[in-house]
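Asker: A predicted structure for the sequence below; I have some questions about it.
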Amino acid sequence: MHYMERSHRICSMTTLFLLLGILPFVFAGHDYGQALSMSILFFEGQRSGYLPSTQRVQWRGNSGLNDGKTSGVDLVGGYYDAGDNVKFGLPMAFTTTMMSWSIIEYGTQMDSSGELGHAMDAVKWGTDYLIKAHTQPNVLYGEVGDGDTDHYCWQRPEDMTTPRTAYKIDPSNPGSDLAGETAAAMAAASLVFRQSNPSYANELLNHASQLFEFADKYRGKYDSSITVAQKYYRSVSGYDDELLWAAAWLYKATNNQYYLDYLGNNGDALGGTGWAMTEFGWDVKYAGVQTLVAKFLMQGKAGQYAPVFEKYQQKAEYFMCSYLGKGTKNVQKTPGGLSFRQSWNNLQFVTSASFLLTVYSDYLTSAGRNLQCASGSVPPSALLSFAQSQVDYILGDNPRATSYMVGYGSNYPQQVHHRASSIVSIKTDPSFVSCRGGYATWFSRKASDPNLLTGAIVGGPDAYDNFADQRDNYEQTEPATYNNAPLLGILARLHGGHSGYNQLLPVVLPASKTIVTQPKPAPQPKANPTPASNSPLTIDQKMTTSWVANGKTYYRYSSILTNNSPKTLTGLKLLVSKLYGPLWGLTKNGDSYIFPAWINSLPAGKSLEFVYIHSASPADVSVSSYTLV
């Protein structure tokens, strides 16, 4: 969590020699499809409430089951924002907005990789909670739990003993920024579900319009009403940007002239035409508003407000140019090329900005025009190339050759600042973990996390590309939902390519190809394809699910390797042939697969699961060599 009351710490690390000449910058292309799958999976690790039968992150359990009870409302569900167990409404709503925007722009690409259904599930987990939190037209619950007591404890969410007090805004205690962002989230999500679930989309729109009216009529900063949020998610930018942001999303979702008038008539007064920003995130929305309004302008929707919308667009382009290093005030870069804003969770700004650059690149391409910067005219491809460079840096193309997405690549953070992943799963060891005991036993443990928080984007390196993989280094090793949300769209775009569609035309999402309940039968693997019948190792493979994408059936296979001997297994080498898709849970080593980076042995009687996906019969898996000690 963001301990804003504490001063930033400077990690004492060995000076990085930039590794130029020591470690050449030679990187293989990235598997953006795999990264997309993992980045969506991360949200399942952040879930609060009753977990569904479709839950894929199996080491998590139900949590926060009495949330809202003391206030007489049902606030079960939603997301924990980061490595803590608090549900903060402002970042949760922003996360939901950005996941929705990712799907609205690039849902077609997500669909082609079979991930659209999972992405929509991630959005709905957020909006289902936001609907619960909006109990009356002018009442919205904006936080459950509080940062101070939560940060005193290090407990997995399933064991929480901290107070779960619920905090709300209402006409007497307004919060225009919180209500506005929540309205934006619901309006954006209504577009996600417009085709597949129109009644749900209409329900979301009703909430969005009520919340916008509430935000506009009763104006005030939410952290003046929910004061416990001030040390963690203080609304520094105020609420003007959220009012415009909500209006833009409601116009996009409804085509209602009222919201277009609002953007045109309030652009100057609320700062949409005046603020030239180099930051976009859960607090400051101006660049996002300006990008959306520029799209409306390029779509020919501005009407009488064209002169005003052009001023929005100028500020949007100021943002884009500053990241490309072609503006009047350019964004700082690390020596390795990462845009840098602050030492604390810098990657949140990298992913958000890269998303805006990605969509704006496509808007410009569709409009047949270039970006106009202080240094001259810039082709749209330059924006996408820069966004891709930032994503590639995150995935490992950096001086440390470190992936800042947990589980992606062979070198990624092992000591994530995250309660649930750093404490043994309650399903593995149900023994209660106490508030302070968690710090003594698990937080201070100098070892890899027992649970892999797959797909999490951590805070990232400092201004000199340095990174310390230590659990107490929360500035760098803590993940957050709003780090991942914008990344969904960029990864889908990079994975899917550009097939010549016009991004300025209305986007209609394909019907998501969700997992079917009774999959088409696939050839089942043999139970134990190990080479020797007397081998102490068994490999059990089974198909766990299937789905259809673009007329092709894909299968997910689970393979469980069990050590049946009384000794510890080391030096494992597996051969996997007839594999035509991605594999997770093992590390590729030449022609073989070996233990994943986070373990180096398999004790007696224990099992290891790995999974793979492809559109064919099961792969052939066999043991090449191993050692028993």
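Answerer: All right, it came through fine. Residues are numbered from 1 along each chain as shown.
Asker: what is the longest helix anywhere in the chain packed up against?
Answerer: Scanning the chain for the longest helix, with DSSP state H as the assignment, gives helix 89-112. Identification of packing neighbours for helix 89-112 by 3 or more Cβ pairs under 8 Å, 6 or more residues apart in numbering; DSSP states H and E yields helix 116-133, strand 140-144, helix 176-192, helix 347-367, helix 481-496. In short, each C-beta sits where N, CA and C put it, glycine included.
Asker: return the distance of that helix from the chain's centre.
Answerer: For helix 89-112, the distance from its own C-alpha centre to the chain's C-alpha centre is 9 Å (Cα atoms, centre = their mean, to the nearest Å).
Asker: okay, the angle between that helix and helix 176-192?
Answerer: Relative orientation of helix 89-112 versus helix 176-192 (axes from the mean of the first three to the mean of the last three Cα atoms, to 10 degrees): 20 degrees.
Asker: so what's the residue count around residue 497?
Answerer: With neighbours defined by other Cβ atoms under 10 Å, the count for residue 497 comes to 10.
Asker: give me the pLDDT value at the closest residue to it other than its chain neighbours.
Answerer: If the residues on either side of it in the chain are set aside, residue 497 comes closest to residue 109, at 7.7 Å by Cβ to Cβ, 6 or more residues apart in numbering. For residue 109, the model assigns a pLDDT of 93.
Asker: ditto for the one 3 residues further on
Answerer: Looking at residue 112, its pLDDT stands at 90.
Asker: roughly how far apart are it and residue 551?
Answerer: Look at residue 112 and residue 551: by Cβ to Cβ, to the nearest Å, they are 11 Å apart.
Asker: more crowded one of those two?
Answerer: Residue environment comparison for residue 112 versus residue 551 gives the larger neighbour count to residue 112, 19 against 6, counting by other Cβ under 10 Å.
Asker: mind listing the helices for the stretch 201-350 of the chain?
Answerer: Secondary structure of the stretch 201-350 of the chain (DSSP state H, counting those that start in this stretch): helices located at 222-225, 240-254, 257-266, 286-298, 306-324, 347-367.
Asker: buried residues in the fifth one?
Answerer: Applying a neighbour-count criterion of 16 or more other Cβ atoms under 10 Å, one finds 308-309, 311-313, 315-324 buried in helix 306-324.
Asker: measure how that helix sits relative to helix 347-367, angle-wise.
Answerer: Using the same axes, to 10 degrees, the interaxial angle of helix 306-324 with respect to helix 347-367 works out to 130 degrees.
Asker: just the CA trace of helix 306-324, in CSV.
Answerer: Backbone C-alpha positions of helix 306-324 (Å, rounded to 0.1, in the frame of the first residue of the first chain) are rendered in CSV as follows:
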residue,chain,number,x,y,z
ALA,A,306,-15.0,22.4,-32.3
PRO,A,307,-12.9,25.4,-31.2
VAL,A,308,-13.1,24.3,-27.6
PHE,A,309,-12.4,20.6,-28.4
GLU,A,310,-9.4,21.7,-30.4
LYS,A,311,-8.0,23.2,-27.2
TYR,A,312,-8.5,19.9,-25.5
GLN,A,313,-6.7,18.2,-28.4
GLN,A,314,-3.7,20.6,-28.2
LYS,A,315,-3.3,19.6,-24.5
ALA,A,316,-3.6,15.9,-25.4
GLU,A,317,-0.9,16.3,-28.0
TYR,A,318,1.3,18.2,-25.5
PHE,A,319,1.1,15.0,-23.3
MET,A,320,2.0,12.7,-26.3
CYS,A,321,4.9,14.9,-27.4
SER,A,322,6.4,15.2,-23.9
TYR,A,323,6.7,11.4,-23.7
LEU,A,324,8.3,11.2,-27.2
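Asker: pLDDT of that helix, averaged?
Answerer: Per-residue pLDDT values across helix 306-324 average out to 98.
Asker: tell me which of the helices and strands packed on helix 89-112 sits most buried.
Answerer: With neighbours defined by mean count of other Cβ atoms under 10 Å, none of the helices and strands packed on helix 89-112 is more surrounded on average than helix 176-192, at a mean of 31.
Asker: what's that helix packed up against?
Answerer: Contact partners of helix 176-192 among helices and strands, from 3+ Cβ pairs under 8 Å, 6+ apart: helix 89-112, helix 116-133, strand 140-144, helix 198-217, helix 222-225, helix 240-254.
Asker: from the chain's centroid, how far away is the fifth one?
Answerer: Mean-position distance between helix 222-225 and its chain equals 26 Å (Cα atoms, centre = their mean).
Asker: just the strands in the stretch 351-500 of the chain please.
Answerer: Taking DSSP state E, counting those that start in this stretch to define them, one finds strands in the stretch 351-500 of the chain at 371-373, 376-378.
Asker: need these in TSV with distance to residue 414, can you?
Answerer: Below are these laid out as TSV (distance: least, Cβ to Cβ, whole Å):
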stretch	distance to residue 414
strand 371-373	40
strand 376-378	40
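Asker: point out the most buried one among those.
Answerer: Using mean count of other Cβ under 10 Å, the stretch among the strands of the stretch 351-500 of the chain with the largest mean neighbour count is strand 371-373, at a mean of 18.
Asker: what residues does that one touch?
Answerer: By Cβ atoms under 8 Å, 6 or more residues apart in numbering, the surrounding residues in contact with strand 371-373 are 317, 320-321, 324, 326-327, 360, 364, 377-380, 382-383.
Asker: from these, which is closest to residue 334?
Answerer: For the contacts of strand 371-373, the closest approach to residue 334 (Cβ to Cβ) belongs to residue 324, at 15.9 Å.
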